[in-house]
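> need a 3D model of the following:
(one chain, ligands or ions: 3)
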Amino acid sequence: MTVQFPFVTSAPGKVIIFGEHAAVYNRPAIAAALSLRTYLLVTKDDSKSEYILLEFPDINFRCHWKKTELPLHPIHPSDTNPPVPPSELDPELINDLGPLLSAIDSPLHYGAAYAFLYLFSSLCSRSTPGGLTFTMRSTLPIGAGLGSSASMSVCLAAAFGYIGGHIKEATICQESKIAHDSDECVFIDRWAFMGEKCIHGNPSGIDNAVATHGGAVMFQRMGNTLPSVRTAMRNLPPMHLLLTNTKTSRRTATLVAGVSKLVTDYPKSTAHILDAMEAIAREAYNLMLRPFLDETSKRKLLNLIRINHGLLVSLGVSHPNLERIKLYCDEMNVGETKLTGAGGGGCAITLLRDNLKPDVFEKLDKKFCEHGFESFRATLGGKGVGILISNDENVLDKLNVPSFVGFNSRDEIETYVGCSSLEDWRYW
Ligand SMILES: Nc1ncnc2c1ncn2[C@@H]1O[C@H](COP(=O)(O)OP(=O)(O)O)[C@@H](O)[C@H]1O
Ligand SMILES: C[C@@](O)(CCOP(=O)(O)O)CC(=O)O
Ligand SMILES: [Mg+2]
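Ligands and ions are numbered 1, 2, ... in the order given. Model (predicted):
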């Protein structure tokens, strides 16, 4: 198979509706893909053939390495094709990557470069051409609980899987749906999970599963060795979720580590909290299987959102700004609010009551603006990982590093190269 450059891979962010953090401890959680996405442009420039280059303008990071410096793993005849990652990160590869990462100070840059190098070295070989530039753009806020790390890892795993010849070019267009997981999606999901491990140590795998497969799922990790269970939730009832970003930055790695310490220090008490979160996710799952929410089901879901948030507060992963959002929503009686993702800042979701008057939103928006928060209505359950390989001159005109770096808003990215605008996107 010949790899055609330039190309773009893309994957969605996600909203965890119930069960964040508990998901790390093998409890079920419910999440759905978001319409906001990450896009990774891969271009080839023969005049730079000695190098592999990163352009990550969203986090203000660019970097390059000589291809000969990279610890590309030689392919052994006994290797499985496509390669299957081990259950833990490979200590030998981690060691080899150390010197390449040692000059990077910022944890944001470090995590992104580490995931990049780990996946590149695992999936590309000496015969991979040099002169490749990887330019990453997200329409998602980064480090805000909406799974930007997983959507980035999925974009990388898909791109390296394609370049390394491990997966075929996708052929399924926007409208068609497949009933089962394709081999390509299984491959991408598994390797993106390794990227998530590089970025936050002990991920549950829910974020990369949603970013790969799209849609909505009930997900349960089964420990380190067994495969996770992923139950697709088709036909989610209309949920009317308001998503509010505190713009308070935080790192998932720090929050997951904080909960881990609490679980170690208070094993009995925290087990009850995690069990309660499991019961909430299961009750919510049964309610959300219905195509419409009657009044009683809606009331129950609202209650479950409130209880889940209270439990997350008890694990120490809220933040005064998340509590401010909850306070305003409670005062105006618009619905129930919980943090989403790792917490500690980032985003909250509010499940809105029915028949709210528009002026309530105006008042709420005004309050949020005073604190610099940003609200948007979430569209849930979109497409998973995709690839754009286009021969259209108008599209090709945008598929170069300066254009990609130069997009200055979410709307521009979506309009010029986005999954929602171009028909050339294909899905695995
Ligand atoms: N567009 C992007 N460009 C570069 N790095 C990114 C991008 N999106 C995500 N990342 C990486 O993912 C990290 C954020 O992941 P995380 O702390 O898990 O928050 P979340 O997944 O909720 O956004 C960033 O610090 C960065 O390393
Ligand atoms: C806290 C957790 O449940 C979700 C983290 O999501 P995010 O990185 O904050 O978008 C961790 C995980 O499930 O891997
Ligand atoms: Mg993350």
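> what's near enough to touch the closest residue to ligand 3 within the chain?
Per C-beta to the ion, residue 149 is where the chain lies closest to ligand 3, at 3.3 Å. Glycine gets a C-beta too; all of them are placed from N, C-alpha and C. Neighbour list for residue 149: 111, 115, 195-196, 199-200, 207, 252 [criterion: C-beta atoms under 8 Å, 6 or more residues apart in numbering].
> check the offset of the helix or strand hosting it from the chain's centre.
Per DSSP states H and E: residue 149 is located in helix 148-163. With C-alpha atoms, centre = their mean, to the nearest Å as the basis, helix 148-163 stands 10 Å off its chain's centre.
> again with stretch 263-274
The chain centroid and the centroid of stretch 263-274 are separated by 27 Å under C-alpha atoms, centre = their mean.
> enumerate the positions of that stretch that are buried.
The neighbour-count check on stretch 263-274 (16 or more other C-beta atoms under 10 Å) flags 263, 270, 273-274 as buried.
> re the thing from before, average model confidence for the helix holding residue 149?
Taken as a whole, helix 148-163 has an average pLDDT of 98.
> repeat that for stretch 379-397.
The average pLDDT within stretch 379-397 is 94.
> same check on stretch 66-80?
Mean per-residue pLDDT for stretch 66-80: 80.
> what do you get for stretch 421-428?
Averaging pLDDT along stretch 421-428 yields 94.
> give me every residue in this protein lying close to ligand 2.
Applying C-beta under 6 Å from any ligand atom, we find that the chain lies next to ligand 2 at 16, 20-21, 23-24, 145-147, 149, 203-204, 206-207, 252, 256, 341-342.
> the same query, at a cut-off of 5 Å, please.
Contact residues, the chain versus ligand 2 (C-beta under 5 Å from any ligand atom): 20-21, 23, 145, 147, 203-204, 206, 252, 341-342.
> and the residues you listed, which are buried?
Buried by 16+ other C-beta under 10 Å: 20-21, 23, 145, 147, 203-204, 206, 252, 341-342, out of those.
> looking at these, which is nearest ligand 1?
residue 252 (3.3 Å; C-beta to the nearest ligand atom).
> now check the helix holding residue 149, is it near ligand 1?
Yes - for helix 148-163 and ligand 1, the contact criterion (C-beta under 5 Å from any ligand atom) is met by 148-149, 152.
> just checking, next helix/strand downstream of that helix?
Criterion used, DSSP H and E; the element after helix 148-163 is helix 183-200.
> for that next one, name the packing helices and strands.
Applying 3 or more C-beta pairs under 8 Å, 6 or more residues apart in numbering; DSSP states H and E, one finds that helix 183-200 contacts helix 107-123, helix 148-163, helix 206-213, helix 252-265.
> buried ones in the worst-scoring helix or strand of the chain on mean pLDDT, by neighbour count?
Using mean pLDDT, DSSP states H and E, the weakest-scoring helix or strand in the chain turns out to be strand 374-377, at a mean of 90. Residues of strand 374-377 classed as buried: residue 375 (neighbour count, 16+ other C-beta under 10 Å).
> which helices and strands sit right next to the helix or strand that it is followed by?
Once the chain leaves strand 374-377, the next helix or strand it forms, by DSSP H and E, is strand 386-388. With contacts defined as 3+ C-beta pairs under 8 Å, 6+ apart, the packing partners of strand 386-388 are strand 7-18, strand 426-427.
> ok, and does the very next helix or strand once past the longest one reach over to ligand 3?
If I follow you right, that is strand 7-18. Next in sequence after strand 7-18, counting helices and strands by DSSP H and E, comes strand 29-44. No - under the criterion of C-beta under 5 Å from the ion, strand 29-44 makes no contact with ligand 3; the nearest approach is 11.3 Å.
> how far off centre is strand 29-44?
Worked out by C-alpha atoms, centre = their mean, strand 29-44 lies 6 Å from the chain centre.
> average pLDDT across it?
For strand 29-44, the mean confidence score works out to 97.
> counting by contacts, list what the helix or strand following that strand packs against.
Once strand 29-44 ends, the next helix or strand along the chain (criterion: DSSP H and E) is strand 51-56. Where contact means 3+ C-beta pairs under 8 Å, 6+ apart, strand 51-56 is packed against strand 61-66, helix 107-123, strand 132-138, helix 401-406.
> buried set for the longest one?
When you say that, I think you mean helix 107-123. In helix 107-123, counting by 16+ other C-beta under 10 Å, buried: 108-123.
> now do the same contact list for residue 124.
Applying C-beta under 8 Å, 6+ apart to residue 124 gives the contacts 72, 160, 163-164.
> with residue 41 instead?
Applying C-beta under 8 Å, 6+ apart to residue 41 gives the contacts 6-8, 133-137, 399, 401, 404, 417.
> secondary structure element for residue 299?
Here residue 299, judged by DSSP H and E, is contained in helix 295-314.
> contacts for whichever helix or strand comes after that helix?
Using DSSP H and E, the next helix or strand after helix 295-314 towards the C-terminus is helix 320-331. With C-beta under 8 Å, 6+ apart as the contact definition, helix 320-331 has outside contacts at 242, 244, 246, 248, 309, 335-339, 343, 345-346, 348, 350, 364, 367-368, 371, 373.
> send me helix 320-331 as PDB with only the CA atoms.
Taking Å, rounded to 0.1, in the frame of the first residue of the first chain, the C-alpha atoms of helix 320-331 are listed here in PDB:
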ATOM      1  CA  PRO A 320     -14.100  26.500  43.600                       C
ATOM      2  CA  ASN A 321     -14.800  27.500  40.000                       C
ATOM      3  CA  LEU A 322     -16.700  24.200  39.300                       C
ATOM      4  CA  GLU A 323     -18.600  24.800  42.500                       C
ATOM      5  CA  ARG A 324     -19.400  28.400  41.300                       C
ATOM      6  CA  ILE A 325     -21.000  27.000  38.200                       C
ATOM      7  CA  LYS A 326     -23.000  24.600  40.300                       C
ATOM      8  CA  LEU A 327     -24.100  27.400  42.600                       C
ATOM      9  CA  TYR A 328     -25.300  29.600  39.800                       C
ATOM     10  CA  CYS A 329     -27.200  26.700  38.100                       C
ATOM     11  CA  ASP A 330     -28.700  25.700  41.500                       C
ATOM     12  CA  GLU A 331     -29.700  29.300  42.300                       C
END
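> and residue 333, that one's in a strand?
No - secondary structure of residue 333 (DSSP: H, G, I helix; E, B strand; the rest coil): coil, not part of a strand.
> isn't it up against residue 352?
No - in this structure residue 333 lies outside contact range of residue 352 using C-beta atoms under 8 Å: 10.6 Å.
> which one of the two has more residues nearby?
More crowded of residue 333 and residue 352, by other C-beta atoms under 10 Å: residue 352, with 20 against 9.
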